[in-house]
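S.K.: No letters, just coordinates:
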């Protein structure tokens, strides 16, 4: 075991954990029911070869007034080692804003299993047994899965609501555009209908005027034919009168012939 961990790089920089500040936003969850004030050992402390501490070790009153006033323990020790870059990060798992890390101190062959939320340590376990540290790390990972379900659901619902809001806005914009198009279409249809009505009325007036003009034309043509017939009749009579007059005049001028008896 020591030969394996001897290859670990001492002072490896811990990425996210290096900026975590000591706080106890979820320290109450680390206390079992009925725990007396001042006690802070969680059930995980029963693991052989290690102790587990929560950030409520200073008691309920101290945690209420100053969450960062935890007594020296695994949390503060872990913070110190992180600042001094003396830990190697073996595993880290994130689920939402919850996370679990398994860290190793090569100098003392000590494992630190940490549970944190939103960059703040919640639980820290210190032990020298590699198998138990792995088991505890897996237990912490399972806790992050359970604890993050509501948060992940909130994130998903928030994204879905935002997407739905975008769809609503897009559809409202489309609806407004369709309503505008429909309004323009109705205005155009009304204008076309009015124009059609005006054209129809004008056509009806022109048709009536044409009918009246046709009636006048027919009447005039009838009168013209009547006058022409009358004129033709008068001309014919005049010709006949002239011919009769000529015949009569000729008969007057012609001498009478004597008839000589045989």
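M.R.: The structure has been received and is ready for your questions. Computed from a predicted structure; not experimentally measured. Residues are numbered from 1 along each chain as shown.

S.K.: give me the number of residues near the closest residue to residue 110 other than its chain neighbours?
M.R.: Setting aside the residues directly before and after it, residue 110 is nearest to residue 128 in space (C-beta to C-beta, 6 or more residues apart in numbering), at 5.7 Å. Every residue, glycine included, has its C-beta placed from N, CA and C. Other residues lying near residue 128 total 15 when counted by other C-beta atoms under 10 Å.

S.K.: Test my guess that residue 128 contacts residue 113.
M.R.: No. Residue 128 is not in contact with residue 113 according to C-beta atoms under 8 Å; the separation is 12.0 Å.

S.K.: Show me the beta-bridge partners of residue 104.
M.R.: Beta-bridge pairing of residue 104 under DSSP bridges involves residue 88, residue 111.

S.K.: wait, doesn't it sit right on residue 110?
M.R.: Yes. Checked against C-beta under 8 Å, the pair residue 104 and residue 110 is within contact range at 7.4 Å.

S.K.: Tell me where the chain is predicted with low confidence.
M.R.: Counting by pLDDT under 70, the chain contains low-confidence residues at 1-72, 248, 252-262.

S.K.: Helices along that one, start to end?
M.R.: Assigned helices in the chain, in chain order: 2-5, 60-65, 74-83, 130-253 (criterion: DSSP state H).

S.K.: Return the most buried member of these.
M.R.: Burial among the helices of the chain, expressed as mean neighbours by mean count of other C-beta atoms under 10 Å, is greatest for helix 74-83, which shows a mean of 19.

S.K.: which helices and strands does that one pack with?
M.R.: Secondary structure elements in contact with helix 74-83, counted by 3 or more C-beta pairs under 8 Å, 6 or more residues apart in numbering; DSSP states H and E, are strand 50-54, strand 110-117, strand 120-127.

S.K.: Tell me what angle that helix forms with strand 110-117.
M.R.: Between the direction of helix 74-83 and that of strand 110-117, the angle (axes from the mean of the first three to the mean of the last three C-alpha atoms, to 10 degrees) works out to 100 degrees.

S.K.: between helix 74-83 and strand 120-127, how many degrees?
M.R.: Going by the same axes, to 10 degrees, helix 74-83 makes 100 degrees with strand 120-127.

S.K.: ok, so what distance separates residue 249 from residue 242?
M.R.: According to C-beta to C-beta, to the nearest Å, residue 249 and residue 242 sit 11 Å apart.

S.K.: rewinding a little: so which of the helices of the chain comes closest to residue 93?
M.R.: Among these, the nearest to residue 93 by C-beta to C-beta is helix 130-253 (4.8 Å).

S.K.: Now do that closest one: which elements does it pack against?
M.R.: strand 50-54, strand 88-95, strand 98-105, strand 110-117, strand 120-127.

S.K.: wait, which of those strands is closest to residue 225?
M.R.: Of the helices and strands packed on helix 130-253, nearest to residue 225 by C-beta to C-beta is strand 88-95, at 111.8 Å.

S.K.: And residue 215, how far from residue 92?
M.R.: Separation of residue 215 from residue 92 (C-beta to C-beta): 106 Å.

S.K.: again, but for residue 201
M.R.: Taken as C-beta to C-beta, the spacing of residue 201 relative to residue 92 amounts to 86 Å.

S.K.: what's the answer for residue 207, then?
M.R.: Note on residue 207: its distance to residue 92, by C-beta to C-beta, is 94 Å.

S.K.: Next: residue 188.
M.R.: For residue 188, the distance to residue 92 equals 67 Å [C-beta to C-beta].

S.K.: ditto for residue 246
M.R.: In this structure, residue 246 lies at 148 Å from residue 92, with C-beta to C-beta as the measure.

S.K.: next one: residue 170
M.R.: Distance from residue 170 to residue 92, by C-beta to C-beta: 40 Å.

S.K.: quick one on the thing from earlier: tabulate the helices of the chain in TSV, adding columns for distance to residue 121.
M.R.: Formatted as TSV, the entries for the helices of the chain read as follows, by distance: least, C-beta to C-beta, whole Å:
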stretch	distance to residue 121
helix 2-5	23
helix 60-65	14
helix 74-83	5
helix 130-253	12
